Structure formats: C-alpha cells, structure tokens
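Colleague: Return a 3D structure for these sequence lines:
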Amino acid sequence: MSDVVLSETDQAALRFVLAAEPLAGHSLPPCGVLQRLAALVRCDAIGAALTDPNGYVVDEVGLPEGATLNDSGCGAPLRIGMVHSTRVQGDSQRIQADGLSDSLAVGFRTSRDRVVQVWWDRHTGAFSERDVAVLRMIAPAVQRLVQDAATQALPASLTAQERRTLMLVSTGFSNVEIAQRMGVATCTVRKHLEHAYRKLGVTNRLAAAVALRGEMLPPSELRDRVLMRD
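Modeller: Residues are numbered from 1 along each chain as shown. The predicted model follows:
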C-alpha cells in the first residue's frame with residue numbers, strides 16, 4: 001500500500017495521542033485519547049475494555065457514552081494484536097448479528113497479565129485499507145497508554161467482581177450506577193465494597209480507590225470524583 005497521507009486534522013489528533021500520558025493506576029486510555037483515535041480511524045463507536053486473566057471484563061470505557069464491547073463479560077479471552085472482524089472467519093456473522101457493518105480492534109497484554117483491547121465499530125460501511133494502515137501506525141502509541149502504571153500489589157483474595165467494583169468507584173460512579181453497569185442489585189455492590197474494604201484494610205471508597213491506584217495520597221481529581229458518592 002502507498003504511504004498514508006494525514007490531513008492537518010489527522011496530524012493534530014496524532015500529536016495529541018503521542019503526547020498523552022497513561023493514567024496512574026489505570027490501563028484504559030482517557031476519553032480524550034479515544035476521541036482522537038476515533039478521528040484518526042473514523043467510526044460510529046469506540047471503546048476499550050480490560051479483562052482479567054480469566055477473560056472477564058473488569059473495566060470498560062466507550063464513546064458515545066454507554067457504548068460497550070460486544071459480548072462483554074462473557075469470559076471469552078480478548079485477542080492480542082490487530083483484528084479486522086470482516087477478515088476473520090466466523091466474525092462477520094457475529095458482528096452482523098450485533099447490528100454492525102465492520103469492526104476493528106487491537107489488543108495488548110499488560111504488565112499484570114491482563115488484556116486491554118481498543119475497538120472501533122461501524123454501523124455502515126467497511127473499514128478501508130487506509131484505516132487498517134493508520135491503526136498499524138498508531139498501535140505502538142496505544143500500547144504505551146494501556147500499560148499498567150506502577151501500582152502496589154493488590155490482595156490476591158480480591159475477586160474479579162470486587163476489582164471491577166473498585167475500578168468503577170475510582171472512575172466516580174455511585175453504587176446505583178455501578179449496579180446498573182454490572183447488572184446486579186445495589187446491595188450486591190455494597191457487599192462487594194464491604195469485602196474489598198476488609199481485604200484492602202481501608203474503611204471508605206476514597207481510601208479504596210487510592211489503594212487501587214497504588215498512591216499514598218489521593219490526587220484532587222480522584223478526590224472530587226469519589227467523594228459524595230453513595
């Protein structure tokens with residue numbers, strides 16, 4: 001394929017992605033980065049999902065708000081490397097059943113033996129060879145952003161659901177919102193937090209979020225997100 005030509009808008013988006021820094025204690029790219037990735041590889045929805053070693057989704061972010069990875073939480077391991085669904089045998093029927101025309105994804109293993117997959121979906125039209133070439137070009141920058149920042153070791157006794165609850169707490173969701181995202185009752189979320197607090201040796205959601213991120217003191221943005229949430 002010939003060289004990829006980037007417009008001024010594309011170049012600005014690329015500069016943003018290259019200059020972005022990983023969020024301490026998080027393996028998912030910020031929404032601002034996702035917006036620029038969607039500008040570089042145009043799509044109808046974009047997102048990223050983090051799975052534990054067993055293949056279960058423990059954290060997820062998507063644009064537009066509410067967009068999620070298809071079959072999230074089903075326990076099927078996310079693929080490493082680049083995936084163009086319409087080029088993979090068996091994937092075409094699956095994405096069509098999900099109401100999609102095409103899907104691109106790139107997956108990386110993190111330093112804690114988890115997998116992060118960033119995905120692009122289109123409801124109409126297929127991704128072009130240029131889109132695939134651009135994704136190959138930016139993949140190293142995406143990989144840098146999804147590598148785990150330094151965090152303290154979390155107790156092995158924390159279950160996948162407890163970890164996911166803590167991640168959603170650190171993102172700023174209330175117990176009611178967490179229950180809706182996880183498809184469980186609010187009392188179940190409270191029980192997950194109660195167990196997680198005990199295992200982490202903390203007594204409140206802010207301290208738990210700080211422990212999850214491996215920091216000694218909570219940064220102001222984390223404090224603002226977590227405080228005053230039920």
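Colleague: Shouldn't residue 82 be within a strand?
Modeller: Yes: Residue 82: assigned to a strand according to DSSP: H, G, I helix; E, B strand; the rest coil.
Colleague: Nearest residue to it in space, please, no chain neighbours.
Modeller: The spatially closest residue to residue 82, leaving aside those adjacent along the chain, is residue 106, at 4.9 Å (CB to CB, 6 or more residues apart in numbering). Yep, even glycine has a C-beta here, placed from its N, CA and C like the rest.
Colleague: what's the neighbour count on the one you found?
Modeller: 24 (other CB atoms under 10 Å).
Colleague: just checking, it touches residue 139?
Modeller: Yes: the criterion here is CB atoms under 8 Å, and residue 106 meets it with residue 139 at 5.4 Å.
Colleague: shared neighbours, those two?
Modeller: Shared contacts of residue 106 and residue 139 (CB atoms under 8 Å, 6 or more residues apart in numbering): residue 82.
Colleague: what are the bridge partners for the closest residue to residue 146 other than its chain neighbours, then?
Modeller: Once flanking residues are discounted, residue 146 sits nearest to residue 116: 4.1 Å by CB to CB, 6+ apart. With DSSP bridges as the criterion, residue 116 is bridged to residue 50, residue 108.
Colleague: dump the residue contacts of residue 116.
Modeller: 27, 28, 48, 49, 50, 51, 78, 107, 108, 110, 146.
Colleague: ok, back up a step: and the residue nearest to residue 82, which helix or strand is it part of?
Modeller: Assigned by DSSP states H and E, residue 106 belongs to strand 102-109.
Colleague: So which elements touch that strand?
Modeller: With contacts defined as 3 or more CB pairs under 8 Å, 6 or more residues apart in numbering; DSSP states H and E, the packing partners of strand 102-109 are strand 81-84, helix 91-97, strand 115-122, helix 129-146.
Colleague: Highest mean neighbour count out of these?
Modeller: strand 115-122 (a mean of 23; mean count of other CB atoms under 10 Å).
Colleague: Report the angle between it and strand 102-109.
Modeller: Calculated by axes from the mean of the first three to the mean of the last three CA atoms, to 10 degrees, strand 115-122 forms an angle of 170 degrees with strand 102-109.
Colleague: residues near residue 173, how many?
Modeller: Using other CB under 10 Å, residue 173 has 20 other residues around it.
Colleague: Pull up the gap between residue 124 and residue 132, please.
Modeller: Taking CB to CB, to the nearest Å as the measure, residue 124 falls 18 Å from residue 132.
Colleague: Please disregard the earlier target; I meant residue 119.
Modeller: Using CB to CB, residue 119 is found at 14 Å from residue 132.
Colleague: any shared contact partners between the two?
Modeller: What both residue 119 and residue 132 touch, as defined by CB under 8 Å, 6+ apart, is the set residue 104.
Colleague: Okay, now the unreliable bits of this structure?
Modeller: For the chain, the stretches with pLDDT under 70 are 1-2, 23-25, 70-76, 111-112, 148-154, 171, 212-230.
Colleague: follow-up on the earlier one: I'd like the helices and strands packed on strand 102-109 as a markdown table, with distance to residue 5 appended.
Modeller: What follows is the helices and strands packed on strand 102-109, written out as a markdown table (distance: least, CB to CB, whole Å):
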| stretch | distance to residue 5 |
| --- | --- |
| strand 81-84 | 21 |
| helix 91-97 | 29 |
| strand 115-122 | 20 |
| helix 129-146 | 9 |
